[in-house]
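*Asks:* Following is a predicted model, sequence given first.
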Amino acid sequence: MAELARARRFRPGPRLVSALVGGAAAILVLYPIAFLIQASLSVGDPQARPPEAYGLDNFADLPRYGHIFANTVSVAVAATVMAVVVGFVMGWILSRTNVPGRGALEQLMALPYYVTPLMGALAWSLIGSPSGGFLNQVWRALGGRDHLIDVTTPYGIAWVMALFEGSVAFVMIGAVMKSMDPALEEASQVLGAGRLRTMLRITLPLVLPGVLGAAIFVFAEMLGSFSAALVLGLPSRFYVVTTAMYQLVSQYPPQFPRAAAMGVSLFGVMFAMVYVYRRVVQAGSYATITGKAFRARAMDVAGLRWPLLGVCLAYLGVAVVLPVVTLLYASVQRLATAFPRAGNFTLANYETALSLDAVRAALWNSLLLGLGTASIGVLLMGFLAWMIYRSRLPGVGVIEYVLMFPQAVPRLVFAFGMLWAWLIFPIPIYGTLWLLLIAYLTVFLPLGLRTIAGVMLQIDRSLEESAQMCGASWGYRMRTVTMPLLRPGLVAAWLLLFIASVRELGASILLMGPKAKVITPTIVESWFSTSTELTAAMALLQTLAVSLALVLLFKVARRATQPAGE
Amino acid sequence: MSDHEPHGPSRRQILKAGALLAAAPILGASRPAAAQAPAKSTKVLDFHTGADVAKAEQEGEVVYYSHDGEAGIAALLEGFRKDFPKIKTNYVRAQTGALYAKITAERSAGRFGVDVLQLSDISPAIDFQKKGGYEPYVSPEHAAYKPAYQSTPGGHFTWMGVTFAGIAYNRSKVAPPQAPKTWKDILSPAYKDGISAKLSTSGMQHMQWYMLRKLYGADFWPEFAKQRPKGFDSRAQLFDRLAKGDDRVCALAEYAGYTLFKEKGAEIDFVSPPDGLPATPALIGVVNRAPHPEAAKLFLDWALSNRGQAVNQTQTILLYGSVRSDAPPMATGKKLTDFKLLFPTDWADFQASHGAFVKEWNAMMGL
């Protein structure tokens, strides 16, 4: 009886829970990474598993791909700058100003992130290819020469990457801005600072962890970007690391070791980025949510409201309306061309897309996995964020580095590590949706962690400490203080994880089995093997299904982020 | 068709493969690579099978790994399901290299989930055979296939169909009188920065590289590199770009891709150079330790029979020419014998050239 009573009294403390969750997350990441590193050191038969011999030959061979690394870094930097600037400006406009239609715009502004990068790249390829691009066709028809725009240049590729893979910056920065006490900005204005000065001197420094987190995240996304470089880079013989690796592993015999070495070499870049982030975060205090109550209020920007609205609408035009309309137009043609001909219109592409069993099953699986990944991920990553940034437990710095690993490796390469790792795992989950769920939870750890951490760093420790002083247990404090304050970050993370899962490509393309297919790789395969028109139809059907799911989810999310009493 | 008929690896290679197999048992249990007796056959519908159809239906499923596109695979599997509605079909689609990597990794880890494998490149097929990956099964339908269109020994893989390539151009970008007529014409500076081909992932591209190098010497491709060709993964991409005018000329224009896009109304023309058209087979075989062995055999027999070949030949998304001796014409009304096809005379030499091809081609494409 005494033992039973003791067992009933047992509550796992933060140390034990942290050790278990942190350890499990670290294993999720390190287990496949170990296989990846092993592959990068393989110098025998590139197909042999385990390797026949070990050495550094694959790394020694990397300098001959110097031009590809240079391409990757230059395009990633350009795209990150574009994405973060746009994300910050949009985040500021929609979170901190009284721009008209703010609520609706805010939801619309995240739309580019729902558009898969492949869909965005395809659309912009149709719009801005130098010869066949619709815009350039119209340009020549109006008497222009050559072409007006060319999206197959490095800047064109960066532009498309920023629009569709960098749109996450807006969501991440926006979540941080929403949690900021407007009293600080108001104080600045009362003391005579203008709106711009307030934005640069008050808003920007306060949201710096969020901006920096977003920048690091976006930069890593760009390093691993695949679709835009594949669709737009190949026509101009412009390879980045991911497209080069894809070619290396797709050819016979597949050059896994060389591809793995390329992926592993990106670790260094990512470590440097995480180091900078931690230094910045540790150097200053960014708490804007303190014991003092505040109510999120928008700044009155008076006459600037309309120009700011114009900026938002212009962004929506190039990132959502133009690509979707272009794809819609292409999807109802037999052979997409800028100038319509009656005989060229058809609904056959939709008939084909809907008749493919694989598409229907894949779409359903993707939505299911999105729900699973987002729900489990938010709990897991929320706890990990608390552990890393709040718990003061020993070793959390190392855990953070470990959890950032998946971001440092393009998912296509990480998937090879996972393929080898989970193939030999005794529990037969290979080829099932369970493996994809584990894969998504692993590769999206950095996304969830960064999003939640951006908000968590703004919450002053004193709130939890006050609860502790009042005698609240750790679990009670988490439930009644930390989690409610984190709610905007958690909701943003949930939505991001859901969308990221539904549009995931790199990991899924290798891990999906014949009975566990997901939609984005299916669309990519269609692009490889059928036509732009059919692929456009499939991509639009995917977007439609995801949009319907999101309408429901947004309703729930809005309720969750509404301050009590409103 | 040319006089150069293909043949499989030599006896010496097979023996060597056996030794390698003993030293590197990465693909699980395998049987000796010996010629198999034809399976006892029964007639089903209008073809012959060595499979136990009742057992196959009891297994209820067949898992197919293929390099073909989603829509092409769907068309083929739908044809099979129509004939055998009690057998479900599942598939995995990937580029041949990635597909081969996947199946190799799976089998080395003791996962055996695939029944039938189709590849577009003979090099990995021979490699898979050497590693004991195929279940030796001589289909009754093999009687309609010359030994040249089967593995050596027979029963490992078979030529399920043939695809071949000439040159194609966009009529709105290149006037027919200025269009290339021969393979050497693709070296014309007029097409610089406007010509496309496939990447080194393609078995068809390897074949073209090998055959034109044999015909015109080792300098042919370095000259072609000066054109700054653009490389893509699939024929669909090549023709998509050609039809839209993004490229003026396609140097590796598969007849199947041309037919598909011509049907859509693209302003493109196909050129058959007089020296011949490089051709490559799609290879199909039953995998050993298949989870549904009888269904796998039934599917193979069906695919090699005139019923399966009809799907291959008439679905424009596939359009593989049949090498069956009694094959009807393709959807275009033409048979393979209407074209002058180029195959290697020495397949071992062709296979051995793969490394040199990948190196030269990757460098040419800027990789």
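*Replies:* Now that the structure is in, tell me what you want to look at.
*Asks:* In space, what's closest to whichever residue of the stretch 351-500 of chain A sits closest to chain B - neighbours in sequence excluded?
*Replies:* As assessed by C-beta to the nearest C-beta, chain B sits closest to A:L423 within the stretch 351-500 of chain A, at 3.7 Å. (Glycine included, C-beta is placed from N, CA and C.) Residue nearest to A:L423 in three dimensions, not counting chain neighbours: B:A109, with 3.7 Å by C-beta to C-beta, 6 or more residues apart in numbering or on different chains.
*Asks:* Was I right to think the one you found contacts A:W422?
*Replies:* No: look at B:A109 against A:W422 with C-beta atoms under 8 Å: they stay out of range, at 9.0 Å.
*Asks:* So those two - more neighbours on which side?
*Replies:* Neighbours per residue (other C-beta atoms under 10 Å in any protein chain shown) separate B:A109 from A:W422, with A:W422 holding more: 23 against 19.
*Asks:* wait, doesn't that one sit right on A:I429?
*Replies:* Yes: using C-beta under 8 Å, A:W422 makes contact with A:I429 at a distance of 6.4 Å.
*Asks:* Now list whatever residues contact both of these two.
*Replies:* Among the neighbours of A:W422, those also in contact with A:I429 (C-beta atoms under 8 Å, 6 or more residues apart in numbering or on different chains) are A:435, A:438.
*Asks:* Next one: A:D181, what pLDDT does it get?
*Replies:* pLDDT for A:D181: 69.
*Asks:* again with A:V99
*Replies:* 88.
*Asks:* Quick one: neighbours of the residue in chain A positioned nearest to chain B, just the number.
*Replies:* Nearest residue of chain A to chain B: A:S529, at 2.4 Å (C-beta to the nearest C-beta). Residues near A:S529, counting by other C-beta under 10 Å, number 24.
*Asks:* Kindly confirm whether my reading is correct that A:E165 touches A:M222.
*Replies:* Yes: using C-beta under 8 Å, A:E165 makes contact with A:M222 at a distance of 6.6 Å.
*Asks:* Between its first and last residues, how far does stretch A:33-53 reach?
*Replies:* End-to-end span of stretch A:33-53 (C-alpha to C-alpha, to the nearest Å): 19 Å.
*Asks:* Identify the residues contacting that stretch?
*Replies:* By C-beta under 8 Å, 6+ apart, stretch A:33-53 touches A:54-59, A:253-258, A:260-261, A:263-264, A:405, A:409, A:413-414, A:416-418, A:420-421, B:24, B:26, B:101, B:104-105, B:108-109.
*Asks:* same deal with stretch B:45-62?
*Replies:* B:38-44, B:80, B:83-84, B:86-90, B:115-116, B:137-141, B:291-299, B:301-302, B:305-307.
*Asks:* Overlap in contacts, B:A109 and A:W422.
*Replies:* With contacts taken as C-beta under 8 Å, 6+ apart, B:A109 and A:W422 have A:Y430 as neighbours in common.
*Asks:* Which SSE is immediately downstream of whichever helix or strand A:A175 is part of?
*Replies:* Using DSSP states H and E, A:A175 sits within helix A:168-178. Counting by DSSP H and E, the next helix or strand C-terminal to helix A:168-178 is helix A:183-190.
*Asks:* and the residue in chain B that chain A sits nearest to, how many neighbours?
*Replies:* Closest to chain A within chain B is B:G69: 2.4 Å, counting by C-beta to the nearest C-beta. Residues lying near B:G69 (other C-beta under 10 Å) number 23.
*Asks:* from the contacts of stretch B:45-62, which are also near chain A?
*Replies:* Counting by C-beta under 8 Å from any C-beta of the partner chain, B:N90 from these sit close to chain A.
*Asks:* Give the intersection of the neighbour lists for A:E165 and A:M222.
*Replies:* A:79, A:83.
*Asks:* quick revisit: pretty sure A:S526 is one of the things the residue of chain B closest to chain A touches, is it not?
*Replies:* Yes: under the criterion of C-beta under 8 Å, B:G69 makes contact with A:S526 at 7.2 Å.
*Asks:* Can you pull the phi and psi angles for the residue nearest to A:L423?
*Replies:* phi -100, psi 10 (degrees, to the nearest 10).
*Asks:* And the pLDDT for it?
*Replies:* Confidence at B:A109, expressed as pLDDT, is 80.
*Asks:* where does the stretch 301-450 of chain A dip in pLDDT?
*Replies:* Applying pLDDT under 70 to the stretch 301-450 of chain A picks out residues A:408.
*Asks:* How about the contacts made by A:A545?
*Replies:* Residues near A:A545 by C-beta under 8 Å, 6+ apart: A:363, A:367.
*Asks:* quick one: secondary structure of B:F261?
*Replies:* Assigned with DSSP: H, G, I helix; E, B strand; the rest coil, B:F261 falls in the helix class.
*Asks:* Not counting its neighbours along the chain, what's nearest it?
*Replies:* Here the residue nearest B:F261, using C-beta to C-beta, 6+ apart, is B:F239, at 4.3 Å.
*Asks:* Am I right that that neighbour is in contact with B:I268?
*Replies:* Yes: counting by C-beta under 8 Å, B:F239 does reach B:I268; the two are 7.3 Å apart.
*Asks:* Those two - which one has more neighbours?
*Replies:* Each of B:F239 and B:I268 has its neighbours counted (other C-beta under 10 Å); B:F239 has more, 28 against 23.
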